[in-house]
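Chemist: Next one to model:
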Amino acid sequence: MLTFMVRVRTGLAGLVTLMTCVVGCKRADYVNHIHQDDVVQQSPDVAKFDPNNIVSAATLTDASSFDVTYIEGFLRSSPYGGPSFLSTYSSNGVSAADAIMSAAQRHQINPIAILARAQMSQGLVSESRYPSEGSRVEYVFRCGCRAPGDCDPAFAGFDIQVECFAYALRASLSAIAADGRTAGGWGPGIASKTLDGQTVTPTDAGTAAIYQYDPTVGTYVAGASLFWTVFSNYAYALGYFGPPDPGIAGAWIGDACTKDGNCGYENPVCADNYPGGMCTLACTGTCPDQPGKAETFCGTFDTEGYCLRVCNELAPSCREGYACRKVKQFGATGVSQAGCVPE
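Modeler: Numbering: from 1, shown residues only. Below is the predicted model:
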């Protein structure tokens with residue numbers, strides 16, 4: 001499985017531009033699939049929509065506030081009055097929920113953004129049954145597609161498409177961090193014109209990345225305005241009100257950190273020598289448990305034990321810079337567990 005994922009991810013880099021063009025240049029692909037509840041704002045106030053501030057970078061990159069159980073529950077009881085077919089759907093042996101969380105944590109992208117775009121692109125969240133037009137699922141983000149009906153079979157599968165979409169957003173965020181703007185010229189404080197003729201000045205990298213992917217404002221039936229509407233409604237349904245203040249304790253084992261105080265449990269340790277920092281703590285056999293948080297275990301490091309986040313080697317969900325690998329369980333001879341460790 002790891003060899004397969006490496007092969008696919010190697011191909012993604014060369015197709016990000018192609019994918020962005022296909023999605024960004026064909027505005028009407030998804031309109032017939034949009035559910036009425038997506039167009040009519042439900043929970044947030046429509047007056048709050050600001051084309052210059054669609055989603056903050058902190059919110060767009062918040063993958064640590066979620067666990068796969070949140071996504072599974074959302075798909076089983078969607079905002080459309082019933083379960084989405086995605087709640088029971090798998091591609092390449094990976095469930096939709098695992099695919100979403102795996103890509104979200106690997107590239108540090110908010111899973112709500114993935115869900116919202118899957119609905120915008122092909123109405124998948126509101127579908128109760130697998131669509132008769134299978135390409136709506138297998139090539140939902142048109143990654144690997146040069147034209148309708150002309151798609152690379154290597155990129156077939158919801159899991160691969162989700163990975164490609166998250167990769168594209170992360171590539172834009174990385175470009176902004178390095179050069180101040182995306183390949184298409186979108187950046188914080190830079191005035192640019194959208195495809196529907198509106199001048200937009202993104203307030204930060206999150207909004208700039210959204211416009212790089214889809215450079216239209218729209219009117220609640222497409223573009224940034226629809227993304228904002230769907231994202232806001234899904235966040236409300238999930239009880240999500242934004243990322244935690246980085247100065248307030250709340251990060252879980254395996255989450256990013258800069259100091260011990262970021263980690264929300266007793267006797268925390270921020271392993272700041274690891275990529276982005278990693279919340280952990282010393283252990284002798286057991287590790288903390290919290291409802292809705294990832295499962296943990298006590299892994300062996302030389303002669304000491306430290307808590308790690310449990311992962312699934314068949315559907316790894318470790319954040320960027322980390323890999324899902326077997327680690328000996330501290331104090332349990334011959335017992336190993338898959339955990340997220342630095343690559």
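Chemist: got a list of what residue 37 touches?
Modeler: 79-80, 126, 233 (CB atoms under 8 Å, 6 or more residues apart in numbering). For glycine as for every other residue, the C-beta is placed from the backbone atoms N, C-alpha and C.
Chemist: Could you measure from it over to residue 80?
Modeler: Counting by CB to CB, to the nearest Å, the gap from residue 37 to residue 80 is 6 Å.
Chemist: Need the residues touching each of those two.
Modeler: In terms of CB under 8 Å, 6+ apart, residue 37 and residue 80 are both contacted by the residues residue 126.
Chemist: Run through the residues that contact the residue nearest the centre of the chain.
Modeler: Closest to where the C-alpha atoms of the chain average out (CA atoms, centre = their mean) is residue 104, at 2.8 Å. Listed by CB under 8 Å, 6+ apart, the contact set of residue 104 reads 63, 66, 110-111, 114, 166, 317.
Chemist: Tell me which of these fall in helices.
Modeler: With DSSP state H as the criterion, helices contain 111, 114, 166 from among the contacts of residue 104.
Chemist: Can you classify the nearest residue to the first one once chain neighbours are set aside by secondary structure?
Modeler: In space, residue 111 comes closest to residue 104 once its chain neighbours are excluded; the distance is 4.1 Å by CB to CB, 6 or more residues apart in numbering. Residue 104 carries the three-state label helix when classified by DSSP: H, G, I helix; E, B strand; the rest coil.
Chemist: and if you look at residue 171?
Modeler: Three-state assignment for residue 171 (three-state DSSP): helix.
Chemist: Residue 143 versus that one, what's the distance?
Modeler: Counting by CB to CB, the separation of residue 171 from residue 143 is 12 Å.
Chemist: So for the two, which residue has more residues nearby?
Modeler: More crowded of residue 171 and residue 143, by other CB atoms under 10 Å: residue 143, with 27 against 21.
Chemist: what about the closest residue to that one other than its chain neighbours, neighbour count?
Modeler: Among residues not flanking residue 143 along the chain, residue 164 sits closest, at 3.6 Å (CB to CB, 6+ apart). When neighbours are counted by other CB under 10 Å, residue 164 registers 24.
Chemist: State the helix or strand in which residue 164 lies.
Modeler: In this structure, residue 164 is located in helix 158-179 according to DSSP states H and E.
Chemist: How far does the helix or strand that that helix is followed by sit from its chain's centre?
Modeler: For helix 158-179, the following helix or strand on the C-terminal side (DSSP H and E) is strand 192-193. Centroid separation for strand 192-193 versus its chain: 26 Å, with CA atoms, centre = their mean, to the nearest Å.
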